[in-house]
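> Give me coordinates for this.
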Amino acid sequence: MENNNDKLRFKDKGDTLWKFKNRVYVHCPKCDKRAIVSRDDFGNKREVKISCSNCHFRQIGWKISYDIEVKFFCSNCAERIEKRIEDVGEKKESIKVKCTKCKITHEYKPRNTKRRKWFASTGNVSDPFYNLPLWIRGQIKNETFWAYNYEHLEYLKNYVQAKLRVRSGYGYTSMVEKLPSWIKAKKNREDIVKLIEKLEKK
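Next up, the predicted model:
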């Protein structure tokens, strides 16, 4: 049974940030309400997905797009021709490009470079899979405090409010060892705990 002394003591077990990445709360890219980015097993492989219970937005995996690029010399005047089109929805077997010098249009076979299509983050902290702004975050002075999910938030709360912090012996690989100094500072303990209690209700 946990007593008051247990609450004042935090023992670092060497947990890393990856422990909390299987379920991340974010702002939905469609309605801006709370959505969940999760890593789940689909058949024999693990996929990332995002789902929103408010607007029912759902996406499994990353959307694939292509960067299309051509670099050739004009067959008519030998002028160097370079053209790049980013974020195209499908591969292109050929594209037409007009020479800037002789104005003749030629058809070229471009280079298609696959890319994962990310959402554009509007926040300064985001999830590690889709780059969406985190749902659990708040400001303390000029610093941003954040957590991936409520389990992560509780873990940080236990660390911050502890009067005694026992190190893990895992060195810098431990998540709490990598926390910024302002979170570790005793003078900020009360303000951070108040913010955490506010975020717990979000």
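> quick one: average pLDDT of stretch 46-54?
Across stretch 46-54, pLDDT averages out at 91.
> ditto for stretch 153-166
On average, stretch 153-166 scores 92.
> do stretch 96-113 as well
Here the average pLDDT along stretch 96-113 is 92.
> Now do the buried residues in that stretch.
Using 16 or more other CB atoms under 10 Å as the test for burial, stretch 96-113 gives 97, 99, 106, 108, 110. Quick note: C-beta positions are derived from backbone N, CA and C, even for glycine.
> which one of the residues you listed sits closest to residue 148?
residue 110 (39.3 Å; CB to CB).
> I'd assumed residue 183 was in a helix, is it?
Yes: Residue 183 forms part of a helix when assessed by DSSP: H, G, I helix; E, B strand; the rest coil.
> what about it, how many residues close to it?
16 (other CB atoms under 10 Å).
> How are the strands of the chain distributed by residue range?
9-11, 23-27, 34-42, 45-52, 58-60, 63-73, 80-88, 95-98, 105-108, 111-117, 137-140, 143-146, 164-166 (DSSP state E).
> Can you tell me the closest non-neighbouring residue to residue 31?
residue 55 (4.0 Å; CB to CB, 6 or more residues apart in numbering).
> Pull the contacting residues for that neighbour.
Residues near residue 55 by CB atoms under 8 Å, 6 or more residues apart in numbering: 28, 30-31, 33.
> what separates it from residue 30, distance-wise?
5 Å (CB to CB, to the nearest Å).
> Can you say which of the strands of the chain is nearest to residue 194?
Nearest of the strands of the chain (CB to CB): strand 137-140, 9.2 Å.
> tell me which residues of the closest one are tucked away?
Neighbour-count burial for strand 137-140 [16+ other CB under 10 Å]: 137-138.
> average model confidence for it?
94.
> what are the pairing partners of that strand, and which direction each?
strand 143-146 (antiparallel) (DSSP bridges).
> what sits up against the partner strand?
124-125, 134, 136-139, 180, 182-183, 192, 195-196, 199.
> 7 Å - rerun?
124-125, 134, 136-138, 182, 192, 195 (CB atoms under 7 Å, 6 or more residues apart in numbering).
> Same question for stretch 194-201.
136, 138, 140, 145, 150, 153, 156-157.
> again, 10 Å this time
135-140, 145-147, 150, 153-154, 156-158, 160-161, 188 (CB atoms under 10 Å, 6 or more residues apart in numbering).
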